[in-house]
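> With the input below, show me the fold.
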Amino acid sequence: MGVVAQNEGKMGMGFRLLFLSSLAIMLLFSTSGLNVIMGREASVRPELKISMVGTDVEYLQNCLGQAGYLDGAVDGCFGPATQKAVFQLQKEAGLVPDGVVGQATWEVIEALIAPTESVYVVQPGETLWAIARQLDTTVSALADANGIGNPHRLAAGAKLVVPGDRILGKAGATTSIRMMHWDDVQRVFPKAATATILDLKSGLRFQIKRLFGTNHADVEPLTAADTRIMRRALGGKWSWDRRPIVVEVGNHRIAASMNGVPHGRSTIDNGFAGHFCLHFLGSRLHAGNRTDKDHQAAVLQAAGYGGR
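Residues are numbered from 1 along each chain as shown. Below you'll find the predicted structure:
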C-alpha cells in the first residue's frame, strides 16, 4: 500500500484554532515558513483596510466567507462587517488585531482556504491499473490528473495526485462513504458526541454536536463559525429541503440526510436558534414514528445510489 497524505475541506473551530496557532508560530520565525508548509509560492497581495473598494476587497470577502469568518454580501466594499471579520481572524491567529489586511494576514487567510489533494505514493511493482482499482477511480482519470503519457511506465516512489473526493486512510486504502442503519449509527454517534458534516452539494464542512433524538439525530452546529458555514452551504437561508450529506465520525463516513431549519430546543450559544435533524438509513420522524421518503432518498444519493 502507498503512504498517503490527505486533508480535505474546512476545519471545525477546534482544529482551526490549532491550525492558526501553528501558523502564527511559523510567521514569528520565518516569513517564508508558511509557504514551505503549503508547498507554494506566496501571492503578494495589496494592503487592504476600512473604506477601500474594488476587486481585491471582493476577493478578500470571498476568502473570509470560505474560511467561516464573514456571513454577508460580497460587494467589494471594505466596511465594518469585513473589518470585524478581519479582527476576529487576526485575533485567533495571534496577529496584531488592527483590522488591516497586510501580507501576514493574507498568508493566514489563503492558507485556511488552500485546496489540498490526496496523494498516493507508488510502491515497487504496482501498475496504474491496480492503483486505479484500489482507489476506486480509472486509469484515464489518474493519467490525466498526473500528466502520464505512458501508463506502462510507472516509477516506484512516484507521487500521484488522486482525482475526485476521496479520503485515504493511513494504510492507503480508500475510506468510502457507506450506508449504516440508524440502530448502528447510535453506537458510533451517541448523544453528546461531535462529528463533521460534509455537505455534498456545496462541498463545505462544518462541525456538529448531537443533542438528543431517538428516532433520528437532533444536532446543532458546534460553534458560531460552524453556523455561518452551514448557512453558506444552504445558499444563505435556512431550508426544510432534504440534502444528501456525509457524517464523518471517528473512522466512519456515513451517508445521511439533513434539513436546515433551526427549531425546538438548543443548548449551545452558536447563533443557531434551535437544532436541526439528521436522518440515516432506517431512521424515522418523531411525529408518526415513520420513515421519511425524501430523507431516505437523500441518504441513497449520499451513498452514490442516486443523482445529486
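> Only C-alpha atoms from now on, for both contacts and neighbour counts.
Will do.
> After the longest strand anywhere in the chain, which helix or strand is next?
If you go by DSSP state E, the chain has its longest strand at strand 239-249. Sequence order places strand 252-260 as the next helix or strand after strand 239-249, per DSSP states H and E.
> Name the surrounding residues that touch that following strand.
175-180, 234, 238-248, 276-281, 295-296, 298-300, 302-303 (CA atoms under 8 Å, 6 or more residues apart in numbering).
> still on that earlier bit, so which elements touch the longest strand of the chain?
In terms of contacts (3 or more CA pairs under 8 Å, 6 or more residues apart in numbering; DSSP states H and E), strand 239-249 is packed against strand 194-199, strand 252-260, helix 293-302.
> quick one: strands adjacent to it?
Using DSSP bridges, strand 239-249 pairs in its sheet with strand 194-199 (antiparallel), strand 252-260 (antiparallel).
> Of the ones you listed, which is nearest Thr137?
Nearest to Thr137 among those is strand 252-260; the distance by CA to CA comes to 18.3 Å.
> For the stretch 1-150 of the chain, give me the ranges with low pLDDT.
Applying pLDDT under 70 to the stretch 1-150 of the chain flags residues 1-43, 112-118, 136.
> Helices of that one, start to end?
13-29, 33-38, 55-66, 80-93, 103-113, 128-134, 139-146 (DSSP state H, counting those that start in this stretch).
> and the helices and strands packed on strand 239-249, which is most packed in?
strand 252-260 (a mean of 24; mean count of other CA atoms under 10 Å).
> Buried ones among the contacts of strand 252-260?
176-180, 234, 242-248, 276-281, 295-296, 298-300, 302-303 (16 or more other CA atoms under 10 Å).
> pLDDT on the longest strand of the chain, on average?
The average pLDDT within strand 239-249 is 94.
> so it versus helix 293-302, what angle?
Counting by axes from the mean of the first three to the mean of the last three CA atoms, to 10 degrees, strand 239-249 lies at 40 degrees to helix 293-302.
> Pull the contacting residues for the closest residue to Ala224 other than its chain neighbours.
Using CA to CA, 6 or more residues apart in numbering and skipping residues adjacent in sequence, the residue nearest Ala224 is Asn270, 4.1 Å away. Neighbour list for Asn270: Pro221, Leu222, Thr223, Ala224, Ala225, Thr227 [criterion: CA under 8 Å, 6+ apart].
> Restricted to helices, list those.
Using DSSP state H, Ala224, Ala225, Thr227 are the members of those that sit in helices.
> The last one touches Gly274, doesn't it?
Just to be clear, that refers to Thr227. No: using CA atoms under 8 Å, Thr227 makes no contact with Gly274, being 11.3 Å away.
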